[in-house]
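Chemist: Structure for the following, please:
(one chain, ligands or ions: 1)
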Amino acid sequence: MNSFDVVVIGSGPGGYVAAIRCAQLGFNTAIIEKYNSLGGTCLNVGCIPSKALLDSSHHYHDAVKHFTEHGIEISGEIKIDLEKMIARKTAVVDQTVGGINFLMNKNKITVFEGVGSFEDKTHINITKNDGSVEKIEAKNTIIATGSKPSSLPFINIDKERIITSTEALKLKEVPKHLIVIGGGVIGLELGQVYLRLGAQVSVVEYLDRIIPGMDSALSKELTKVLKKQGMKFYTSHKVKLVERSGDQVTVQAENAKGEIITLEGDYSLVSVGRRPYTDGLNADKAGVKINERGQIEVNEHLQTTTSNIYAIGDVVKGAMLAHKAEEEGVFVAEVLAGQKPHINYNLIPGVVYTWPEVAAVGKTEEQLKEAGIEFKAGSFPFKALGRSRASGDTDGFVKILADAKTDEVLGVHMIGARTADLIAEAVTAMEFKASAEDISRMSHAHPTYSEAIKEAALAATENRALHI
Ligand code: FAD
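Modeler: Numbering: from 1, shown residues only. Sure, this is the predicted structure:
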């Protein structure tokens with residue numbers, strides 16, 4: 001029987017990064033993956049393919065809507081070849097997954113294909129595609145089995161017309177009317193892909209605003225911009241029925257007054273969140289406790305109820321984000337090596353890759369108010385930046401929240417061009433406990449979108465933004 005220092009179950013961004021770090025630290029490491037390629041949700045049906053489609057649809061949208069503003073005339077009709085667009089996305093995924101195979105080889109990590117299930121706390125059975133079972137020994141195990149799309153009990157996801165994000169990444173036609181259930185990150189990103197490609201898109205959200213976990217100023221601005229782009233919103237609407245009849249889908253939802261609205265479309269994307277995935281793991285045989293939310297229970301060292309078994313990523317508590325899973329992968333490897341790593345969960349940035357992009361880190365205004373923390377707020381709109389006017393991306397703003405007394409930055413919230421990348425400055429500043437004044441005194445290249453951060457910091461420090 002093969003024996004390893006560390007066995008990682010699941011090869012998403014949590015699992016494969018954990019395996020690499022374990023190998024770097026000198027552990028004899030194996031990884032088990034049941035899907036037909038490495039990379040997990042993120043690489044195969046999540047972050048990477050969704051961004052590929054967002055980029056392709058963005059190019060089309062710009063060509064149709066904005067090229068003429070720049071003095072670019074295209075003679076003839078601009079057409080979409082959806083099959084080619086999806087094929088490009090698949091090629092991007094294949095190339096990225098290929099990179100993970102390379103990294104596993106490079107780091108001499110043994111890769112097992114199959115479903116990993118615990119026999120006990122040190123033995124794992126791997127059930128391969130052909131039904132054969134291989135037993136291996138693991139001194140330590142890291143569970144990184146991720147998550148799956150969740151649904152509502154009365155919805156029958158047929159994966160053809162009533163779909164999850166996985167199917168939305170490979171549709172064969174542009175929907176005429178896509179009804180998105182859930183105004184969170186995934187629904188809005190994929191909704192915007194098809195909106196740009198010509199679909200009518202309606203978003204039904206149970207709460208009173210979209211991207212509800214983020215600062216409400218971001219929700220408000222994103223709603224405004226997406227409405228301007230043609231997306232329709234039904235917030236404070238509770239979906240009661242989702243039904244398919246032939247190629248049609250009917251969605252009924254109830255508003256706060258108890259009135260029922262009926263939407264008719266040809267596809268409905270159910271994006272109401274994701275659930276931790278532990279099917280087939282036989283966690284109980286290893287004494288690993290799963291809580292009432294379906295998450296694997298872990299302590300502050302990400303150790304499960306069994307001391308040689310750890311768990312990371314979407315399958316444990318916390319934000320369901322690839323970079324959070326990666327941090328946890330590195331963390332556990334270093335714990336196993338006797339190091340004392342640290343993760344600052346307050347500084348895990350959240351991003352929505354719509355256009356304009358939305359990005360945030362730290363506390364929201366609502367959270368600070370609820371905690372009774374006194375703060376100052378400074379905002380700066382992108383429309384006042386030369387860089388934004390040059391590109392035509394004038395929507396959005398940067399908002400900085402700083403402690404009223406110490407001026408320490410407590411939260412940064414931004415919506416606008418390239419904020420997914422800009423947020424890194426805020427993370428760095430906050431990691432080093434910068435004050436708003438610190439940021440405002442650093443030189444920011446001109447003309448760049450990053451100047452909005454400096455200006456918002458000036459506004460937060462002394463209400464002295466320069467360009468507004
Ligand atoms: P996963 O990536 O889910 O990987 C788990 C792996 O474990 C899977 O490959 C699964 O097959 C395997 N597995 C499960 N059980 C077993 C078993 N018993 N034996 C062997 N293998 C097993 N996050 C971001 O940060 N940025 C984004 O832009 C972003 N976009 C997204 C877009 C979409 C459409 C979706 C669906 C998600 C997106 N996410 C994004 C979320 C991100 O994909 C997840 O947070 C991330 O993949 C979690 O990583 P993980 O390693 O915990 O698990």
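
Chemist: which element follows the helix ranked longest in the chain toward the C-terminus?
Modeler: The longest helix of the chain (DSSP state H) is helix 82-106. Once the chain leaves helix 82-106, the next helix or strand it forms, by DSSP states H and E, is strand 110-113.

Chemist: and that next one, which strands flank it?
Modeler: strand 29-33 (parallel) (DSSP bridges).

Chemist: got the angle between the strand it pairs with and helix 82-106?
Modeler: Inter-element angle recorded for strand 29-33 and helix 82-106: 160 degrees (by axes from the mean of the first three to the mean of the last three C-alpha atoms, to 10 degrees).

Chemist: Check which residues of strand 29-33 are buried.
Modeler: Buried residues in strand 29-33, counted by 16 or more other C-beta atoms under 10 Å: 29-33. Any C-beta I mention is one placed from the backbone N, CA and C, and that applies to glycine too.

Chemist: how much space between the nearest residue to S450 once chain neighbours are set aside and I453?
Modeler: Spatial nearest neighbour of S450, excluding adjacent residues (C-beta to C-beta, 6 or more residues apart in numbering): H444 at 4.8 Å. Taking C-beta to C-beta, to the nearest Å as the measure, H444 falls 7 Å from I453.

Chemist: okay, the two: which has more neighbours?
Modeler: I453 (25 against 17; other C-beta atoms under 10 Å).

Chemist: Okay, and that one sits in which element?
Modeler: Assigned by DSSP H and E, I453 falls in helix 451-462.

Chemist: about what we covered before: also near the ligand: which of the buried residues of strand 29-33, exactly?
Modeler: 32-33 (C-beta under 6 Å from any ligand atom).

Chemist: show me the contacts for the residue nearest to S450.
Modeler: Counting by C-beta atoms under 8 Å, 6 or more residues apart in numbering, H444 makes contact with 450-451, 453-454.

Chemist: Could you count how many residues lie near the residue of the stretch 101-250 of the chain found nearest the ligand?
Modeler: Using C-beta to the nearest ligand atom, G146 is the residue of the stretch 101-250 of the chain that sits closest to the ligand, at 2.1 Å. Number of residues near G146 (other C-beta under 10 Å) recorded here: 27.

Chemist: The one 5 residues further on now?
Modeler: A total of 18 residues lie near S151 under the criterion other C-beta under 10 Å.

Chemist: cool, and S75?
Modeler: Neighbours of S75 using other C-beta under 10 Å come to 4.

Chemist: what do you get for N101?
Modeler: Applying other C-beta under 10 Å, I find that N101 has 15 neighbouring residues.

Chemist: same deal with the one 5 residues further on?
Modeler: Residues lying near K106 (other C-beta under 10 Å) number 10.

Chemist: Dump the helix holding I453 to CSV, keeping only the CA atoms.
Modeler: Listed next in CSV are the C-alpha coordinates belonging to helix 451-462 (Å, rounded to 0.1, in the frame of the first residue of the first chain):
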residue,chain,number,x,y,z
GLU,A,451,-5.8,58.1,-8.7
ALA,A,452,-9.4,57.6,-7.5
ILE,A,453,-8.0,55.7,-4.5
LYS,A,454,-5.6,58.6,-3.6
GLU,A,455,-8.4,61.1,-4.1
ALA,A,456,-10.9,59.1,-1.9
ALA,A,457,-8.2,58.9,0.7
LEU,A,458,-7.7,62.7,0.6
ALA,A,459,-11.5,63.0,0.9
ALA,A,460,-11.5,60.6,3.9
THR,A,461,-8.6,62.3,5.7
GLU,A,462,-9.6,65.9,5.5
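
Chemist: Just the buried positions in that helix, please.
Modeler: 451-461.

Chemist: How about stretch 347-357?
Modeler: 348-357.

Chemist: For that stretch, the averaged confidence score.
Modeler: Averaging the model's pLDDT scores along stretch 347-357 yields 98.

Chemist: distance between the ends of that stretch?
Modeler: End-to-end span of stretch 347-357 (C-alpha to C-alpha, to the nearest Å): 18 Å.

Chemist: which residues make contact with it from outside it?
Modeler: Contacts for stretch 347-357 (C-beta under 8 Å, 6+ apart): 50-51, 54, 58, 185, 188-189, 192, 211, 213-214, 222, 225-226, 318-319, 321, 323-324, 327, 358-362, 393, 395-396, 415-420, 423-424, 426-427, 430-431.

Chemist: Pull out the buried residues from the residues you listed.
Modeler: 50, 54, 58, 185, 188-189, 192, 211, 214, 222, 225-226, 318, 321, 323-324, 327, 358-362, 393, 395-396, 415-420, 423, 426-427, 430.

Chemist: how about the residues of the stretch 101-250 of the chain near the ligand?
Modeler: Taking C-beta under 6 Å from any ligand atom as the measure of proximity, the stretch 101-250 of the chain contacts the ligand at 115-116, 144-147, 165, 186.

Chemist: longest strand anywhere in this structure?
Modeler: Longest strand in the chain, counting residues (DSSP state E): strand 133-143.

Chemist: Sheet partners, orientation included, of that strand?
Modeler: Paired neighbours of strand 133-143 in the sheet (DSSP bridges): strand 2-9 (parallel), strand 123-127 (antiparallel), strand 309-311 (parallel).

Chemist: tell me which residues in it are buried?
Modeler: 136, 138, 140-143.

Chemist: Hmm, D158 is touching R244, no?
Modeler: Yes: between D158 and R244 there is a contact under C-beta atoms under 8 Å: 6.2 Å.

Chemist: what's the closest non-adjacent residue to the residue nearest the centre of the chain?
Modeler: What sits nearest the mean C-alpha location of the chain, by C-alpha atoms, centre = their mean, is L321, with 4.9 Å. Nearest residue to L321 in three dimensions, chain neighbours excluded: I348, at 6.5 Å (C-beta to C-beta, 6+ apart).

Chemist: Let me know the pLDDT of E462.
Modeler: 80.

Chemist: burial measure for the residue lying closest to it once chain neighbours are set aside, as a count.
Modeler: Leaving aside its sequence neighbours, E462 sits nearest to E437 (C-beta to C-beta, 6+ apart; 8.0 Å). For E437, the neighbour count with other C-beta under 10 Å is 15.
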